[in-house]
Structure formats: structure tokens, C-alpha cells
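> fold the following.
(chains A and B)
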Amino acid sequence: MTTRNTVRVRFAPSPTGALHIGGVRTALFNWLFARHHQGAFILRIEDTDQTRSTEESIRIILEGMKWLGLDWDEGPFRQTDRKEIYQAHVDRLLKEGKAYYCYCTPEELDARRKQALAEGRPPKYDRKCRSLKSPIEGRTPAVRFLSPDEGQTIVQDLIRGSVTFENQQLDDLIIRRSDGFPTYNFAVVVDDLTMNITHVIRGDDHLNNTPRQIQLYEAFGYKPPEFAHLPMILGPDKAKLSKRHGATAVTEYKDLGYLPEALVNYLSRLGWSAGDQEIFSVDELIQKFSFDHVGKAAAVFNQEKLLWLNHHYIQQADPSRLGDLLLELLLKDGIVITGNEPDTAWLQRLAGILIERSHTLIEMKQAAIPFILDTITLDEKAKAKHLTQDIAPLLKELIAILKPLNPFTHSELEKTFNDFITRKGIKLGKIAQPVRVALTGGTVSPGIYEVIELMGKDKTIKRIEAALASI
RNA sequence: GGUCCCAUCGUCUAGCGGCCUAGGACGCUGGCCUCUCACGCCGGAGACACGGGUUCGAUUCCCGUUGGGACCA
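Below is the predicted model of the structure:
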């Protein structure tokens, strides 16, 4: 193993809420890159904001990652466990004269900023405290990084090429707040360099933070890692994706009946491509992923396409898995009671006939209900249209024919129905639709023979009788 | 406001100077199939933001404009 060249990447979410779509995409690209290069994927929890961080969020994030199959090799590390490390690094910069104490209060800073603006000067920190000879009594200082004020800092980005920042534009970053906590930009650098991260892959909302981070690496005498800033994911209104755009948390997608592979496939194609290919297995993604084909422009999240992919993966899914997932949802809704589960093989067959019409597992569950429940309610419109007086005699006759039918199978049913309509001189639709309404309550269902076969003789006859009674 | 980023069909994207009368996918739409709805199959509408350059030749390179976005404040 060539340690020197081993790729090490990390995903570093803040546990201040659910695991969001944008975060998942960042995690996914990191993970794909790591797996592609047989490197390490490290999970780090950025929980220094203790007022907003919760254990519950951490749990939800880990659960979401597991659900998607994004396994990590190291961690989860927590920033709150690493306070001494940040402290040591602050001390080092202080000792080397690369950082200094700042006693300015937010009010003072704000006043001077406004004044600078009013006088037409850039609102940059004026380094007032740098020349301070002794501490100001009664105040706890923050620590600022003494950043170079000449020259340029160039970010070499794997996606964007080189991006140049004038050092003059960057002011002396606070690295430790007066409450003793390290600031975000500082903690990230200390973490990434102590964890030997080789590639920092994150959203491009961090691009502007990058030059100051590079300066910190240099102050510590380290070579900065490679950077790759991914384009943002937007809502349909082209604003940054947020809660008001509907479901944004991974757990919501799970609850909505999406398969993890659909979400992974969809997200992988948001900002990345491999020619005309749309469908990718995880192995293919790992094999084909590279930054060469990651785009620069932000991408709008498109529910419809996700739905299409979900449908695709439902159709591809293993029947036993679908049966299990279906059962899980039915139990959750109390449609099926524990201890009274339907036969596994039967459930799998049921799932099998429902997949064509199911874009989500929830749709599948809905369509499964008439097959499980003892009684159903007929849709009023469907009933009015198909369960009419003139149909009643036909249904009665049909019951008489079905009762002795054995075996009660698709092919036998098809034969029976064909004989029946030939004898009656009617089209199949004339009888199939009323039967469909009687059996499922509505006008939409899988093929009528599939429905009848799976429902079984007893239920079929009972329902047609019930429908007749309601006419 | 300052800094930085971005710009191909409604959306995701292919395109890395001539293969482009711009390809694929979702969505939309016409038709076929058909016991309903779907699935599937066949077809259609639909884009290089604008203006300058560079070049024999620009979607592709450069500059500007416009329009989005992010970060900081």
C-alpha cells in the first residue's frame, strides 16, 4: 500500500437537523471518490455549535447514511471531543506570532465597519488590537489570525480550475471566539490537516472560505489538500433547496416510499454525467465517477425524474425484498396485524402485479389494501358508472360460473371469461370493469385475471355478491 | 455594497473548433397495444442568454453586457 497516495476524504455534517438532500449529494460524491480510489471515507460531526446541535440529529444522520449505503471507514469523530487539539493549534499560532488577541467588542467592530463604509473604505478589520501592548482589563479576547495583506491566494479547484483571491480583500479571521470555541473555518482546517484529508469535496458555498483556509494551512506549514467545490442543488424556483420546497430530508424520502438506490442514482446525476447513461448501479458509479464530468452550474432538483427512477428500481427490485417492504408498510398502517400476516409467497405475487403501476412503495401499499382488507368501500363514481341495473344479471351469472371453477387460476379464468363473453355477445370490457369495481372499489387495477386469481374464490364471490346487493 | 462562482430544450445533461440541420433522459404531446390504469413500442414540439472579437470555421476560445447564485458584511 502506498500510504502517500492514499485518498482520504471526509463528510462533515452539522447535527442541527435532518440529513438534507444537498448534504447527501456531498456525502455521495465524497464516498464515490473514496471508493473509486480505494481510499478512506471519514465521517466527522461538526457539533461545535452546541446550542443547535443535538444527539437526535446525529442519530438521524447516521441512519440516513446507512440507509443509502454510504458506509464510512473512520469516525464518526466529533469536534466537541477535539477541543484540546484546536486549543493547541491556536496556541501554536499565537506563539509563532501568526495570531493575536483581539479585545474589540461586536459593537465597536460594527461601529467602525459602518464608519469605514460611510467614508468609502472597505469594511475590513483595522487591526487595532494587533499593536496592543497589554491586555484590556475586564474583557476576554478573541484570537485573530494574522493573514498576509499582499499578494494573492489561488485556489486550485478540481472542478473550477484556479480561482484567484487578492489577499488584501481578506481580513484577519477570528480563529477562536471569546467564549473559547474555535470558529468554523479554523476547526475545519485543523481537523482536515490532523486527519490527513487529501481531498476536500464540499458545496461551492464554501469556495469563498477556501483562501483563508489555505492561508491557515500555510501558516501551519502544511500543503493544502486538493479542493473540489460541487455546484449547489436548487429548488424549482432556483433558490437554494430548502424546507419550503417540500421534502428535503432523506428520511422523508424513505417514508414517502422511495428506494435508496433510486435516490443515489438520481443524486449522482445531479451535477455529474457519463455520456448519455441515466441508470447506474452503485458499482458502475464507483467505477465511472470522476471530477472530469462534474459540472459547474447549479442544478434544480426535479421530483418527477426521481419518481421515474424510483419506478424503475421498484420494477427491478427482488420480489422477496418488495414483499418485505410491502408487509412493513401494511403493518405500520395497521392494515395487516402482527401474528396474522398473509402468506409470504402470496405477498410477493401481489407486489409483483402492482409494480407496473407503483411509482413509490406507498402507491403500492395503497393498491394492495383491497386485496388484504375484508371489506372495501366502492368509489361512488365508479359504482354509478359500472354497477348498473343492466349489469346485475350478468354478474349473477358470472358468480354461478365462478363458484365451481377449479383450478381458480389465471388461465382458467381467462378461458371462462372468454367463453362467457362469446356466449353473451359482449366485449370483455363490459363485464371486466364492473367486476373490477366490485373487487377493488375503483376503476384502476392490474389485469382482471391477476386480480381475481390473487384475491381467491371466496373473496371474489363475496365481493361480487356485495356489489350486487348494493345495486 | 464588496468578493467569488455560474450560464445548451421547462428540468437533468451530452458536447472538450469542423462529426451539430445540437444528442440522450424526465416531463409534455400524437399514435399503437389493450379488460381499466399503467408498462412497453413508434412519432412530435422543445435549447446553445445577448453583443463584440480570435479563427477559413464557433455551442465550444477571449472580452464585455445581462441574468442567476454563493460568501462576507
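
> which ones are touching the nearest residue to A:Ala299 once chain neighbours are set aside?
In space, and not counting its chain neighbours, A:Ala299 is closest to A:Leu270: 4.7 Å by C-beta to C-beta, 6 or more residues apart in numbering. Where you see a C-beta, it was placed from the backbone N, CA and C, and this is true even at glycine. Contacts for A:Leu270 (C-beta atoms under 8 Å, 6 or more residues apart in numbering) come out as A:Arg25, A:Ile233, A:Ala299, A:Phe301.

> now swap in A:Lys124 and tell me
A:Ala116, A:Gln169, A:Asp171.

> now do A:Thr80
With C-beta under 8 Å, 6+ apart, A:Thr80 has these contacts: A:Asp47, A:Thr48, A:Gln50.

> what pLDDT does the model give the residue lying closest to the last one once chain neighbours are set aside?
Pointing back at A:Gln50 there. Leaving aside its chain neighbours, A:Gln50 sits nearest to A:Thr80 (7.2 Å; criterion: C-beta to C-beta, 6+ apart). On the pLDDT scale, A:Thr80 is placed at 90.

> mind giving me the ChimeraX command for buried ones among the contacts of A:Thr80?
The buried residues among the contacts of A:Thr80 can be selected in ChimeraX (16 or more other C-beta atoms under 10 Å) with this line:
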select /A:47,48
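
> which of the contacts of A:Thr80 sits closest to A:Thr443?
Here the nearest of those to A:Thr443, counting by C-beta to C-beta, is A:Asp47; it sits at 53.3 Å.

> my read is that the closest one contacts A:Glu55, right?
No - A:Asp47 lies out of contact with A:Glu55 (C-beta atoms under 8 Å); the separation is 9.4 Å.

> list, one by one, the residues from the stretch 51-200 of chain A near RNA strand B.
Proximity of the stretch 51-200 of chain A to RNA strand B (C-beta under 7 Å from any atom of the strand) is limited to residues A:Asp110, A:Arg113, A:Leu117, A:Pro122, A:Pro123, A:Arg160, A:Gly161, A:Val163, A:Thr164, A:Phe165, A:Glu166, A:Gln169.

> take these and write them to JSON lines, including distance to A:Phe417.
Formatted as JSON lines, those follow (distance: C-beta to C-beta, whole Å):
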{"residue": "A:Asp110", "distance to A:Phe417": "81"}
{"residue": "A:Arg113", "distance to A:Phe417": "82"}
{"residue": "A:Leu117", "distance to A:Phe417": "82"}
{"residue": "A:Pro122", "distance to A:Phe417": "83"}
{"residue": "A:Pro123", "distance to A:Phe417": "81"}
{"residue": "A:Arg160", "distance to A:Phe417": "64"}
{"residue": "A:Gly161", "distance to A:Phe417": "67"}
{"residue": "A:Val163", "distance to A:Phe417": "70"}
{"residue": "A:Thr164", "distance to A:Phe417": "75"}
{"residue": "A:Phe165", "distance to A:Phe417": "75"}
{"residue": "A:Glu166", "distance to A:Phe417": "80"}
{"residue": "A:Gln169", "distance to A:Phe417": "79"}
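
> check what pLDDT A:Arg423 gets.
For A:Arg423, the pLDDT comes out at 89.

> quick one: the helices in the stretch 251-400 of chain A?
Remark: helices assigned in the stretch 251-400 of chain A by DSSP state H, counting those that start in this stretch are A:260-268, A:282-288, A:303-316, A:319-332, A:344-354, A:361-372, A:380-386, A:392-402.
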